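Enquirer: here's my sequence, what's the structure:
(one chain, ligands or ions: 1)
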Amino acid sequence: MGYNVAVVGATGNVGREMLGILAERSFPADEVVALASRRSLGVEVSCGERTLKVKALEHFDFSGVDICLMSAGSAVSKQWSPRIAAAGAVVIDNSSCWRYDSDVPLIVPEVNADAVAGFRKRGIIANPNCSTAQLVVALKPLHDRARIKRVVVATYQSVSGAGKDAMDELFAQTKAVFQIDEIVPKKFPKRIAFNLIPQIDAFMEDGYTREEWKMVVETKKILDPKIKLVATCVRVPVFIGHSEAVNIEFENPITADEAREALRNAPGCVVIDKHEPGGYVTPYESVGEDATYISRIREDATVENGLSLWVVSDNLRKGAALNAIQIAETLIKRNLITAKQRAA
Ligand SMILES: NC(=O)c1ccc[n+]([C@@H]2O[C@H](COP(=O)([O-])OP(=O)(O)OC[C@H]3O[C@@H](n4cnc5c(N)ncnc54)[C@H](OP(=O)(O)O)[C@@H]3O)[C@@H](O)[C@H]2O)c1
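Expert: Below is the predicted model of the structure:
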């Protein structure tokens, strides 16, 4: 007997990916329920070969659910996650609502799977921001090898990271450019087609954006509070796949070859690093893949122990849906949850 799984936000970018991944990985689910807002009542979504009819979150009874994969934004999570947890389901949430709560574990299984056991306090586990997830997967093996002191990262984030409306906006604006139509930005603060925008999420008092702040605090919570990090987050006209140019300063010496070897042996990492045209991974090639790809690994001669690298991953998968499902698999593997029907 398997688990009863609810996917909240099943019509969204991340929710649809979750349904696909549950089927792909043969997740031990007896039942999968697709939930979204009232607007989507009766909409059909695919879960592998199966078609599910979307139900409305507000009328759903969670008492039979074991695992709830939440992907409907912070406001929905704030209202619903505690209620769903109180009904006895473990909530794995994709929004930023619970990430910084000390009673909620923030998990990337390749990096801090042991922390998952802390979920019992609130019944909620948080998934990190998409840019943080792929970054810490690449940093972890390097940190283990040479202790990271400081990270400087610039991101090149795809529009799918801002939801399905944002993808539609890039598509519509691109079409408008070719048809010489007027472009009116709605979802993004400026035109995104054939452009890029150095702002993701709202500005904070110190001039950084919340997206940049999230990368700092989440890296500390997941990997090591001693790591200093500074980020510049940029939205680019790419549909799916986030890229990051990362510069790292270490306490101990590490060569580019040693870094390549550490990354090659690390879970979730794939190194593609040939010194020839095209010998690296681009976001387009990461679409639909599970791995975090690392390319362009170079020693940085401007600091004592420094490396530069290029990190690419599918933000809807490792950055969101895949990571959430890996968390659920970790709970099962470690016998931290029991299916309600099995327990009854
Ligand atoms: N995209 C990424 O790369 C990424 C990465 C990490 C985390 N996240 C987070 O994951 C969450 C979802 O992102 P997304 O990209 O999938 O967004 P999206 O494409 O805009 O989808 C939003 C989903 O939430 C549902 N929803 C909205 N309001 C609701 C309500 N009141 N009750 C029930 N369902 C409601 C929508 O249902 P309707 O269709 O019925 O409106 C839709 O299914 C966000 O918190 C986001 O920050 C996204």
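
Enquirer: is it true that Arg83 lies in a helix?
Expert: Yes: under DSSP: H, G, I helix; E, B strand; the rest coil, Arg83 falls within a helix.

Enquirer: list the contacts of the residue nearest to it when sequence neighbours are not counted.
Expert: Once flanking residues are discounted, Arg83 sits nearest to Phe62: 7.5 Å by CB to CB, 6 or more residues apart in numbering. Glycine gets a C-beta too; all of them are placed from N, C-alpha and C. Residues counted as contacts of Phe62 (CB atoms under 8 Å, 6 or more residues apart in numbering) are Ala6, Cys68, Arg83, Ile84, Ala87, Gly88, Ala89.

Enquirer: could you dump these into TSV and include secondary structure?
Expert: What follows is the contacts of Phe62, written out as TSV (three-state DSSP):
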residue	secondary structure
Ala6	strand
Cys68	strand
Arg83	helix
Ile84	helix
Ala87	coil
Gly88	coil
Ala89	coil
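
Enquirer: of these, list those near the ligand.
Expert: Near the ligand, judged by CB under 6 Å from any ligand atom, there are no entries from the contacts of Phe62.

Enquirer: please name the residues that touch the closest residue to the ligand within the stretch 51-200 of the chain.
Expert: At 2.8 Å from the ligand, Gly163 is the closest residue in the stretch 51-200 of the chain, using CB to the nearest ligand atom. Each residue near Gly163 by CB under 8 Å, 6+ apart is listed here: Gly12, Asn13, Lys187.

Enquirer: what about those, which are in helices?
Expert: Judged by DSSP state H, those include Asn13 as members of helices.

Enquirer: ok, and which of the contacts of Gly163 reach the ligand?
Expert: Residues of the contacts of Gly163 in contact with the ligand (CB under 6 Å from any ligand atom): Gly12, Asn13.

Enquirer: of the contacts of Gly163, buried ones?
Expert: Buried residues within these, counting neighbours by 16 or more other CB atoms under 10 Å: Gly12, Asn13.

Enquirer: which one in the contacts of Gly163 is the model shakiest on?
Expert: When the contacts of Gly163 are compared by pLDDT, Asn13 scores lowest at 93.

Enquirer: just to check, it is in contact with Asn315?
Expert: No: applying CB atoms under 8 Å as the test, Asn13 and Asn315 come out as separate, 9.1 Å apart.

Enquirer: anything in contact with each of these two?
Expert: Ser160.

Enquirer: looking at the contacts of Gly163, which is nearest Arg39?
Expert: Comparing these against Arg39 with CB to CB picks out Gly12 as the nearest, at 11.8 Å.

Enquirer: correct me, but that closest one touches Val76?
Expert: No: contact between Gly12 and Val76 fails when scored by CB under 8 Å: they sit 10.6 Å apart.

Enquirer: just the helices in the stretch 151-300 of the chain please.
Expert: Along the stretch 151-300 of the chain, the stretches classed as helices by DSSP state H, counting those that start in this stretch are 164-178, 210-222, 256-264, 283-286.

Enquirer: does any part of the last one sit near the ligand?
Expert: No: between helix 283-286 and the ligand, judged by CB under 6 Å from any ligand atom, nothing touches; the nearest distance is 12.1 Å.

Enquirer: and stretch 291-306, by the same measure?
Expert: No: Stretch 291-306 is not in contact with the ligand by CB under 6 Å from any ligand atom; minimum separation 13.9 Å.

Enquirer: buried set for that stretch?
Expert: Ala291, Thr292, Tyr293, Ile294, Ser295, Arg296, Ile297, Glu299, Asp300, Asn305, Gly306.

Enquirer: could you do stretch 186-197 as well?
Expert: Neighbour-count burial for stretch 186-197, counted by 16+ other CB under 10 Å, picks out Phe188, Arg191, Ile192, Ala193, Ile197.

Enquirer: so what pairs up with the nearest residue to Phe60 once chain neighbours are set aside in the strands?
Expert: Of all residues beyond its chain neighbours, the one nearest Phe60 is Leu35 (5.7 Å), with distances taken as CB to CB, 6+ apart. Leu35 forms beta bridges with Val8, Lys55, as assigned by DSSP bridges.

Enquirer: over to Leu69?
Expert: Using DSSP bridges, the bridge partners assigned to Leu69 are Val7, Ile92.

Enquirer: and it, what pLDDT?
Expert: pLDDT, Leu69: 98.

Enquirer: ok, it - contacts?
Expert: Going by CB under 8 Å, 6+ apart, Leu69 touches Val5, Ala6, Val7, Val8, Gly15, Met18, Ile92, Asn94, Ala321, Ala324, Ile325, Ala328.

Enquirer: what subset of the residues you listed is buried?
Expert: Buried subset of the contacts of Leu69 (neighbour count, 16+ other CB under 10 Å): Val5, Ala6, Val7, Val8, Gly15, Met18, Ile92, Asn94, Ala321, Ala324, Ile325, Ala328.

Enquirer: for Pro128, which three-state class applies?
Expert: Following three-state DSSP, Pro128 is assigned to coil.

Enquirer: was I right about it contacting Arg99?
Expert: Yes: Pro128 is in contact with Arg99 according to CB under 8 Å; the separation is 6.6 Å.

Enquirer: okay, and the common contacts of these two?
Expert: Residues touching both Pro128 and Arg99 (CB under 8 Å, 6+ apart): Leu106, Lys214, Glu218.

Enquirer: highest neighbour count among the residues you listed?
Expert: Within the shared contacts of Pro128 and Arg99, most neighbours by other CB atoms under 10 Å means Glu218, with 24 neighbours.
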